[in-house]
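Student: Below: sequence and its predicted model.
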Amino acid sequence: MRKYKNLTDKQNELMEIAKGGLRRINILHGSVRSGKTWISLVLWCVWIRNMPKDAAYLMTAKTLTTLKRNCLDLLETLAGKNNFSYSISKKEGTLYGRKIYLEGVNDAGAESKIRGMTLQGAYCDEITLFTEEFFSMLLSRLSEKGAKLFGTTNPDNPNHWFKVKYIDRREELDFFLMEFLIDDNTFLDPAYVEELKKEYTGVFYKRFILGEWCSAEGLVYPMFDKALHAITEIPKSCGNEEYYISIDYGTLNPCSMGLWRLDDKSAVRIKESYYSGKAQKMLLTDEEYYERLKNLAEGFPIKCVIIDPSAASFIATIRRHGEFSVRKADNSVLDGIRVTGTLLQSGKLLIHESCEDSIREFGSYSWDGESQEDKVLKEFDHAMDDIRYFCFTVAKKRLL
Ligand SMILES: Nc1ncnc2c1ncn2[C@@H]1O[C@H](COP(=O)(O)OP(=O)(O)OP(=O)(O)O)[C@@H](O)[C@H]1O
Ligand SMILES: [Mg+2]
């Protein structure tokens, strides 16, 4: 086997296998930063140079922005500017003289455009983020003789359509699959790899570091340890502290608010207000909730209130009073949970022992193990939601 010094052993292995012939569908899956995108683009270049010049080719990702960020800029470096040029506004490129269409799966009109194409080759970045309909339609467009699809992905839920309908059926399909792990990538600085491994916890560690297709089961935050995270005294600030309040709004369901101190070392939940209209058998009005917000903020210079983006009426109430600046939270559930888990794991997220409702919810907040996709059980999740809003919208920028 001829070994190229500028490739990892795993990447060399793939190039060797590819010499023996590729399949109709060629997928690289596994850990983050493991060298999948890099080598798949090398393979895409090598393959395309031997394919007809007048055929149609496509490169696609969830959006054009991610396609550019993850693939096109790297492809430009790998192939050289003389061999690859592209225009995002025209949604076209030229690779070794072949015309390449560029599309984002989520971008308006992409599906109808591809529906009419006859393709020789397609390159797909992060396939698990595609819709199943888009992917199967794409395969149906690959109708030229010798047409091929190349793609990469990180693992996801084992019930994900791509795992069940394609990877698990690969024996029946004309399908090549290869797994890449983070430790296969010998070009990464070992200190960076160490740090990266610490950033992922629980199910995310299993998928993004160990490369396993696994479901999200059990507790969402198994790393929450009362002895470690529930503190009796607020530690001294390391300076430049800011104060925030995060809110998950509910009328019949509990409304949870938390007061936070954020500095360069940690995020501390100093106190909280948790009110359940159902349990108390009395619903509060937005004005009454506003009173609770004011009581919680009393004595602290609140930089901003981070709130459940769907709480339109309460957001309007806070704005009408003109005392607090309000910011709608980023409600990306999975990314928010991943970041909150990382902050807990690193000991940077602390909860004062008086925040009993949060501490109780940490002990029961669970994944829905029966679900086809990653979902949390929608119970005991109110403080969990306001904590996630704060961690993902504000704290991550300062602490990660
Ligand atoms: N052959 C190589 N030579 C030099 N650097 C490389 C090589 N392969 C990978 N790398 C480096 O490793 C990084 C990660 O590689 P790549 O982006 O291909 O990983 P990935 O498996 O696609 O990761 P993700 O799942 O996060 O998208 C690259 O940004 C690059 O810095
Ligand atoms: Mg990649």
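Tutor: Now that the structure is in, tell me what you want to look at. From a predicted model like this one, the values you see are computed outputs, not experimental measurements. Ligands and ions are numbered 1, 2, ... in the order given.
Student: Give me the helices and strands touching the strand or helix carrying residue 85, please.
Tutor: Secondary structure from DSSP states H and E places residue 85 in strand 84-87. Packed against strand 84-87 by the contact rule (3 or more CB pairs under 8 Å, 6 or more residues apart in numbering; DSSP states H and E) you find helix 73-79, strand 92-95. Quick note: C-beta positions are derived from backbone N, CA and C, even for glycine.
Student: who does that strand pair up with?
Tutor: Sheet partners assigned to strand 84-87 using DSSP bridges are listed as strand 92-95 (antiparallel).
Student: Return the set of buried residues in the helix or strand following the partner strand.
Tutor: Using DSSP H and E, the helix or strand that follows strand 92-95 in sequence is strand 98-104. For strand 98-104, burial by neighbour count (16 or more other CB atoms under 10 Å) applies to 98, 100-104.
Student: Could you give the separation of strand 98-104 from the chain centroid?
Tutor: 25 Å (CA atoms, centre = their mean, to the nearest Å).
Student: Pull the helix or strand following it out as CSV, backbone CA atoms only.
Tutor: Where DSSP H and E defines the elements, the next helix or strand beyond strand 98-104 is helix 110-115. In CSV, the C-alpha atoms belonging to helix 110-115 read as follows (Å, rounded to 0.1, in the frame of the first residue of the first chain):
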residue,chain,number,x,y,z
ALA,A,110,-33.5,23.7,-3.3
GLU,A,111,-35.8,20.7,-3.5
SER,A,112,-37.7,21.7,-6.5
LYS,A,113,-34.5,22.6,-8.3
ILE,A,114,-32.9,19.2,-7.7
ARG,A,115,-36.1,17.4,-8.6
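Student: Phi and psi next, for the residue in the stretch 251-400 of the chain positioned nearest to ligand 1.
Tutor: Closest contact between the stretch 251-400 of the chain and ligand 1, by CB to the nearest ligand atom, is at residue 338 (13.7 Å). Torsion angles at residue 338 (phi, psi; degrees, to the nearest 10) stand at phi -60, psi -50.
Student: can you check residue 385 too?
Tutor: Torsion angles, degrees, to the nearest 10, at residue 385: phi -70, psi -40.
Student: what about the closest residue to it other than its chain neighbours, how many residues close to it?
Tutor: Nearest non-adjacent residue to residue 385, counting by CB to CB, 6 or more residues apart in numbering: residue 248, 3.9 Å away. Neighbours of residue 248 under the rule other CB atoms under 10 Å: 25.
Student: just to revisit the earlier point, which one of the helices and strands packed on strand 84-87 lies nearest to residue 162?
Tutor: Residue 162 lies closest to helix 73-79 among the helices and strands packed on strand 84-87, at 22.8 Å (CB to CB).
Student: average model confidence for the closest one?
Tutor: Here helix 73-79 scores 97 as its mean pLDDT.
Student: and it, what other elements does it pack with?
Tutor: Partner elements for helix 73-79 (3+ CB pairs under 8 Å, 6+ apart): helix 36-48, strand 84-87.
Student: who touches the shortest one?
Tutor: Okay, so that is strand 84-87. 72, 75-76, 92-96, 100, 102 (CB atoms under 8 Å, 6 or more residues apart in numbering).
Student: center of the protein, which residue is that?
Tutor: The residue lying closest to the centre of the chain (CA atoms, centre = their mean) is residue 335, at 4.9 Å.
Student: my guess is that residue contacts residue 389, does it?
Tutor: No: in this structure, residue 335 is not within contact of residue 389 by CB atoms under 8 Å, at 12.0 Å.
Student: Just say helix, strand or coil for the residue of the stretch 151-300 of the chain found nearest ligand 1.
Tutor: In the stretch 151-300 of the chain, the residue that lies nearest ligand 1 is residue 187 (3.7 Å; CB to the nearest ligand atom). Per DSSP: H, G, I helix; E, B strand; the rest coil, the local secondary structure of residue 187 is coil.
Student: was I right about it contacting residue 8?
Tutor: Yes: between residue 187 and residue 8 a contact is recorded at 6.6 Å, counting by CB under 8 Å.
Student: Find the residues that touch each one of the two.
Tutor: By CB under 8 Å, 6+ apart, the residues touching both residue 187 and residue 8 are residue 35.
Student: Which one's more surrounded, the two?
Tutor: Higher neighbour count among residue 187 and residue 8: residue 8, with 20 against 12, using other CB under 10 Å.
Student: Now list the buried members of the contacts of strand 84-87.
Tutor: Of the contacts of strand 84-87, these count as buried by 16+ other CB under 10 Å: 72, 75-76, 93, 95-96, 100, 102.
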